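In: coords please:
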Amino acid sequence: MNESSEKDTFNNKHDENSTDDNTEKPKPSLKNLPWNTLLFCLFLYMAQGIVIGNNIALPILLIDRNWSLLNLSILSQAFLPYSAKVLIAPIVDSYYIKKLGYRKSWICGLFSAGGLLFIVASFFIEDLMAGDGNQWPILGILFTLTATQAIADVAVDAWSICLLSEYDSSLRTIDEISGIRIGQLLSKTVFILLESTDFSNKWIRPFFGWELDQSS
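Out: Numbering: from 1, shown residues only. As a prediction, the model looks like this:
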């Protein structure tokens, strides 16, 4: 997708459409829906939902490790970056790498940073969860992950509006809600199930031929 003149093109379309506010956009049928674009935007929103679901699932696992409610309440502050979107939006809208594009600069960079942080954290998150109840390192990881998605969300919203500007605006809303909810479902379900000894013994370990875990 070429974004070199995407911003100007979208603004021109907006100016042309603003001259006739009474003209309604045709509601697309199932046959002519932009399925490739809808699936692409759905994937971007799913990535955000995975991080949100991760933030919700982790306290559930920490309760099983006898963490106090005070520590868990502090971890809930990981969602704070979404409150700062109104301050972040002008920065995202003003600065970008021309070679990558108006939105790709932020989306590719932040999604890559979030994925890298997931990989790095996987090597020591178990030790942090089984530690002495120090919530600050975990909060730092969750906060950083959420910040990458909150900033990227500004660019994703702008890009999806542009890509779906020729269609009914409800398509973008449906895409956003569905993508985030699917991402949350996958993240919470998979994360919690993989921590379950019973699930692992019944489905995962026999499949790979591993010995059953008798710890529970």
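
In: CA atoms for contacts and neighbours, from now on please.
Out: Noted.

In: what's the residue positioned nearest the centre of the chain in contact with, if anything?
Out: Nearest to the mean C-alpha position of the chain, counting by Cα atoms, centre = their mean, stands Gln48 at 0.7 Å. Gln48 makes contact with 149, 153, 180, 183, according to Cα atoms under 8 Å, 6 or more residues apart in numbering.

In: wait, doesn't the first one sit right on Leu110?
Out: Think Gln149. Yes: if you go by Cα atoms under 8 Å, Gln149 and Leu110 touch, sitting 7.1 Å apart.

In: So between those two, which is more surrounded?
Out: Remark: of Gln149 and Leu110, Gln149 carries more neighbours, 27 against 20, as counted by other Cα atoms under 10 Å.

In: Could you find the closest non-adjacent residue to the more buried one?
Out: Excluding the flanking residues, the one nearest Gln149 by Cα to Cα, 6 or more residues apart in numbering is Gln48, at 5.7 Å.

In: element containing the one you found?
Out: For Gln48, the element it lies in under DSSP states H and E is helix 35-64.

In: which parts of that helix are buried?
Out: 38, 41-59, 61-62 (16 or more other Cα atoms under 10 Å).

In: So what's the gap between stretch 127-142 and the chain middle?
Out: 22 Å (Cα atoms, centre = their mean, to the nearest Å).

In: can you tell me the distance between the two ends of that stretch?
Out: End-to-end distance for stretch 127-142: 15 Å, by Cα to Cα, to the nearest Å.

In: Quick check: buried residues in that stretch?
Out: For stretch 127-142, a neighbour-count test (16+ other Cα under 10 Å) marks 129, 133, 135, 138-139, 141-142 as buried.

In: With stretch 155-171 instead?
Out: By 16+ other Cα under 10 Å, the buried positions in stretch 155-171 come out as 155-165, 167, 171.

In: Show residues contacting stretch 115-131.
Out: With Cα under 8 Å, 6+ apart, stretch 115-131 has contacts from 62, 65, 134, 137-138, 141, 145.

In: circling back: compile the contacts of Gln48 into CSV and extend it with columns for pLDDT and distance to Lys202.
Out: Below are those laid out as CSV (pLDDT from 0 to 100; distance: Cα to Cα, whole Å):
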residue, pLDDT, distance to Lys202
Gln149, 93, 35
Asp153, 93, 38
Ile180, 94, 30
Gly183, 94, 25
